[in-house]
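Enquirer: Predicted coordinates and the sequence they were generated for:
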Amino acid sequence: METNYRSDVRSYSRRAVLLGVGGIGVTALAGCLTSGDNEGDDWPMSRATAANTGYTSASGPVDALEADWEWSFDPEDEEVRNATYSTPVVVEDTVLATCNVVTGTGTELERSSHLVALEADTGEERWLAAGVETESRRDSPPFSPTPIVVDDVVHVIDPWVHLSFDLEGDERARHENQNGRDEMVPIEMVAPTATGDLLFAPSVRWEPSDDDETHWGLLAIGADGDIEWEFVLDESNDIMEPNVSAAADDETVYVPSRTDLYAVDVDDGTQQWQQRLDDELDGVLFSPVVGDDSVYVSAGDLSELRGGTLSALDPEDGNEQWKFAPDGDSSGVFGSPAWDGETLYITGHADGEFRLFALEAGGSVQWTVDVPSIDPSPVVADGVVYVRDSVRENTVTAHDAEDGTELTDGDLNGNALDPAVAHGRYYYGSDDGITALTE
């Protein structure tokens with residue numbers, strides 16, 4: 001039986017569920033946006049910025065979180081057996097998302113991918129573009145990559161193909177990828193990021209040999225789809241976790257493996273430094289966040305779903321500036337923080353309760369409040385922190401960023417993904433489609 005990297009990637013699908021995967025958080029090149037600032041009413045990439053800040057100055061719902069509209073793939077002449085949807089992005093007055101669907105009856109199944117553009121205020125379908133159609137032997141479609149936007153061109157990238165469309169839905173280019181044998185290809189469940197005119201995609205290469213070695217690393221991809229350089233992790237057995245993305249500033253890409261954080265030069269892929277975090281934990285680093293003078297990264301324990309520590313590292317050399325963990329047995333933080341330029345917001349455990357922590361840039365606690373569950377990636381919009389519980393009760397709560405006061409809450413559909421906040425709405429993908437919540 002032929003082996004390739006896809007079986008290796010899917011072997012850690014349980015970790016994907018624990019980390020909140022349902023679509024790849026692909027980052028937009030959006031001109032030369034590289035900082036953690038996100039001014040205006042766009043959410044052009046997963047986690048809002050190349051720095052993975054999860055922050056926007058735009059307003060979201062404050063007084064209520066109620067379903068405004070919902071869209072799902074619904075062909076007229078085909079039976080949809082199953083579907084997955086991506087995290088949406090928002091550009092001007094348009095919401096963009098992808099879906100992967102399996103259609104057909106009996107054993108005659110077909111998998112197809114689609115890019116949809118929706119009117120941000122109403123959810124009306126503006127256009128639907130087809131991506132790739134293949135025969136399928138599975139009822140379950142693969143994960144759906146979040147679209148990226150580069151100078152009014154929408155890109156969709158996954159292990160099989162890199163597609164680009166204009167904002168009217170017309171296909172501009174198509175680049176077929178290899179299957180992971182001998183050459184690096186983007187990983188299905190790990191999010192790329194971008195800075196300048198390059199997209200950085202966590203990738204994998206399977207080398208057919210006696211040992212069947214799998215090598216993980218990073219591809220630098222131009223907007224035209226050409227590979228500029230590749231970086232391979234230091235150890236062949238070091239892997240990348242699902243839905244854990246790199247972060248970037250103007251000069252450096254910060255690449256998390258299961259145990260180490262690598263700093264890589266954006267121009268040529270040269271490694272600048274490598275830092276190991278928390279050997280005693282079950283080796284999971286979450287997506288780093290680039291602040292003004294620090295790179296923030298948390299290390300958690302997936303074996304018992306316990307939180308770990310949040311570290312601030314010097315972006316110049318990787319040396320630790322400070323480390324935070326809540327007091328108490330089985331206490332810790334879990335996931336990536338949101339960063340609004342002054343304060344970090346991250347969830348975790350303390351005293352047997354799920355908590356949301358607000359930390360100032362030096363690591364001291366400003367406030368902490370109870371929340372329904374851990375959120376691997378909270379977001380903050382115009383002074384409001386949104387925390388989703390897609391594991392226990394499928395809810396989202398909104399908190400005042402000044403003191404943590406709960407402002408409102410709302411219901412989510414099953415397996416809700418990372419949101420995009422814009423136009424006074426909270427947009428998200430889930431098992432049921434793309435949904436907008438508003439007041």
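Expert: Received it, and whenever you're ready, just let me know what you need.
Enquirer: residue ranges with poor pLDDT in the stretch 201-350 of the chain?
Expert: Applying pLDDT under 70 to the stretch 201-350 of the chain picks out residues 207-212, 235-237, 278-283, 301-307.
Enquirer: V101 contacts L109, correct?
Expert: No - applying C-beta atoms under 8 Å as the test, V101 and L109 come out as separate, 10.3 Å apart. For every residue, glycine as well, the C-beta is placed using N, CA and C.
Enquirer: between the two, what contacts are shared?
Expert: Common neighbours of V101 and L109, counting by C-beta atoms under 8 Å, 6 or more residues apart in numbering, are R81.
Enquirer: ok, the two, which is more surrounded?
Expert: Neighbour count, other C-beta atoms under 10 Å: between V101 and L109, V101 has more, with 23 against 18.
Enquirer: beta partners for the more buried one?
Expert: A83, S112 (DSSP bridges).
Enquirer: contacting residues for it?
Expert: Applying C-beta under 8 Å, 6+ apart to V101 gives the contacts F73, V80, R81, N82, A83, T84, R111, S112, S113, H114, P141.
Enquirer: From E125, how far off is it?
Expert: The gap separating V101 from E125 is 15 Å, by C-beta to C-beta, to the nearest Å.
Enquirer: L218 too?
Expert: Distance from L218 to E125, by C-beta to C-beta: 35 Å.
Enquirer: One more: A220?
Expert: 34 Å.
Enquirer: Repeat that for D41.
Expert: To E125, D41 is 21 Å away according to C-beta to C-beta.
Enquirer: Counting neighbours, go ahead and name the busier of these two.
Expert: Set side by side, D41 and E125 show more neighbours around D41, with 18 against 12, by other C-beta under 10 Å.
Enquirer: now the strands for the stretch 201-350 of the chain?
Expert: 213-222, 227-232, 247-248, 252-256, 260-265, 271-276, 284-285, 289-290, 295-301, 306-313, 320-324, 332-339, 343-350 (DSSP state E, counting those that start in this stretch).
Enquirer: Adding mean neighbour count and distance to V371, write these out as a markdown table.
Expert: As requested, those are exported to a markdown table (neighbours: other C-beta atoms under 10 Å; distance: least, C-beta to C-beta, whole Å):
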| stretch | mean neighbour count | distance to V371 |
| --- | --- | --- |
| strand 213-222 | 21 | 33 |
| strand 227-232 | 17 | 37 |
| strand 247-248 | 28 | 24 |
| strand 252-256 | 26 | 24 |
| strand 260-265 | 21 | 27 |
| strand 271-276 | 16 | 30 |
| strand 284-285 | 26 | 21 |
| strand 289-290 | 28 | 19 |
| strand 295-301 | 27 | 16 |
| strand 306-313 | 23 | 13 |
| strand 320-324 | 16 | 17 |
| strand 332-339 | 27 | 11 |
| strand 343-350 | 24 | 6 |
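Enquirer: Y428: which of those is closest?
Expert: With C-beta to C-beta as the measure, strand 332-339 is the member of the strands of the stretch 201-350 of the chain nearest Y428 (15.3 Å).
Enquirer: how far off strand 306-313 does the closest one point, in degrees?
Expert: For strand 332-339 against strand 306-313, the angle by axes from the mean of the first three to the mean of the last three C-alpha atoms, to 10 degrees is 50 degrees.
Enquirer: helices and strands around strand 332-339, which ones?
Expert: Applying 3 or more C-beta pairs under 8 Å, 6 or more residues apart in numbering; DSSP states H and E, one finds that strand 332-339 contacts strand 289-290, strand 295-301, strand 306-313, strand 343-350, strand 379-381.
Enquirer: can you put the strands of the stretch 201-350 of the chain in JSON lines and add distance to T405?
Expert: Converted to JSON lines, the strands of the stretch 201-350 of the chain look like this (distance: least, C-beta to C-beta, whole Å):
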{"stretch": "strand 213-222", "distance to T405": "41"}
{"stretch": "strand 227-232", "distance to T405": "44"}
{"stretch": "strand 247-248", "distance to T405": "30"}
{"stretch": "strand 252-256", "distance to T405": "33"}
{"stretch": "strand 260-265", "distance to T405": "34"}
{"stretch": "strand 271-276", "distance to T405": "36"}
{"stretch": "strand 284-285", "distance to T405": "31"}
{"stretch": "strand 289-290", "distance to T405": "24"}
{"stretch": "strand 295-301", "distance to T405": "24"}
{"stretch": "strand 306-313", "distance to T405": "23"}
{"stretch": "strand 320-324", "distance to T405": "22"}
{"stretch": "strand 332-339", "distance to T405": "17"}
{"stretch": "strand 343-350", "distance to T405": "14"}
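Enquirer: Out of the ones you listed, which gets nearest to H423?
Expert: Of the strands of the stretch 201-350 of the chain, the one closest to H423 (C-beta to C-beta) turns out to be strand 332-339, at 19.2 Å.
Enquirer: Highest neighbour count among the contacts of V101?
Expert: Result: S113 is most packed of the contacts of V101 (other C-beta under 10 Å), 24 neighbours.
Enquirer: Apart from its chain neighbours, what residue comes closest to it?
Expert: Excluding its sequence neighbours, the residue lying closest to S113 (C-beta to C-beta, 6 or more residues apart in numbering) is G131, at 3.6 Å.
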